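Enquirer: one predicted model, sequence on top.
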Amino acid sequence: MIASAASFVQAGALAFYILSALFFDNFVIIFVVTVLLAALDFWVVKNVSGRILVGLRWWNEINDLGESVWKFECLDQESLARMNKKDSWLFWWTLYLTAVAWIVLGIFSLIRFQADYLLVIGVSLTLSIANIVGFTKCRKDAKKQIQQFASQTIASRFSSTIQSAFSVV
């Protein structure tokens, strides 16, 4: 249910952009509505569907030194294990396919010499790529945290076993 709602939001900007040529001859309306829908898609994917469907959330902050710092949030291992694999699969595929669709539309705009529409596509593609980069980094960070936790757990169990073996003697 949530996966289909998230896919609907992602398809909104694409569908409006494609179908707008049939109903509007005004670039400003097409630009404003498409960019607003793409921004809504960006926010929903980043803050809602990413958290619900794959258990990941990311954001970027500027620290006191003016440096960009990526922040990642991941559900615990038990919660991640309960997540629906089909929803996760749908999330990742729609994340990548949305960017591919914008690239294809950009190629069509280049072929048709519609440079102004490349601006709309550029903004929408940038938002899609930002989500791809954020969630990919978040997934890698989550895997690293899980590996560190497993290593620490194994090391502490091993050391406690060694200690108990020598304390018996």
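Expert: Arrived safely.
Enquirer: where do the strands sit along this structure?
Expert: 56-62, 68-74 (DSSP state E).
Enquirer: the first one - which strands sit beside it in the sheet, and in what orientation?
Expert: Strand 56-62 sits in its sheet next to strand 68-74 (antiparallel), going by DSSP bridges.
Enquirer: could you dump the strand it pairs with to CSV, C-alpha only?
Expert: The C-alpha atoms that make up strand 68-74 are tabulated as CSV, following Å, rounded to 0.1, in the frame of the first residue of the first chain:
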residue,chain,number,x,y,z
SER,A,68,29.3,19.4,4.4
VAL,A,69,28.6,16.5,6.7
TRP,A,70,26.4,13.5,5.7
LYS,A,71,24.2,12.1,8.4
PHE,A,72,22.6,8.7,8.1
GLU,A,73,19.9,6.9,10.1
CYS,A,74,19.1,3.2,9.9
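Enquirer: residues of it that come out buried?
Expert: For strand 68-74, burial by neighbour count (16 or more other C-beta atoms under 10 Å) applies to 72, 74. Just so you know, the C-beta spots here come from the backbone N, C-alpha and C atoms, and that holds for glycine as well.
Enquirer: all helices of this protein, in order?
Expert: 2-23, 27-44, 50-53, 77-81, 85-111, 115-168 (DSSP state H).
Enquirer: show me what the second one is packed against.
Expert: Where contact means 3 or more C-beta pairs under 8 Å, 6 or more residues apart in numbering; DSSP states H and E, helix 27-44 is packed against helix 2-23, helix 115-168.
Enquirer: quick check: S124 touching A13?
Expert: Yes: in this structure S124 lies within contact range of A13 using C-beta atoms under 8 Å: 5.8 Å.
Enquirer: identify the contacts common to the two.
Expert: Taking C-beta atoms under 8 Å, 6 or more residues apart in numbering as the contact rule, S124 and A13 both touch 34, 38.
Enquirer: show me the shaky parts of this structure.
Expert: Filtered on pLDDT under 70, the chain yields the residue ranges 1-8, 77, 79-81, 140-169.
Enquirer: ends of stretch 104-124, how far apart?
Expert: Taking C-alpha to C-alpha, to the nearest Å, stretch 104-124 runs 12 Å from one end to the other.
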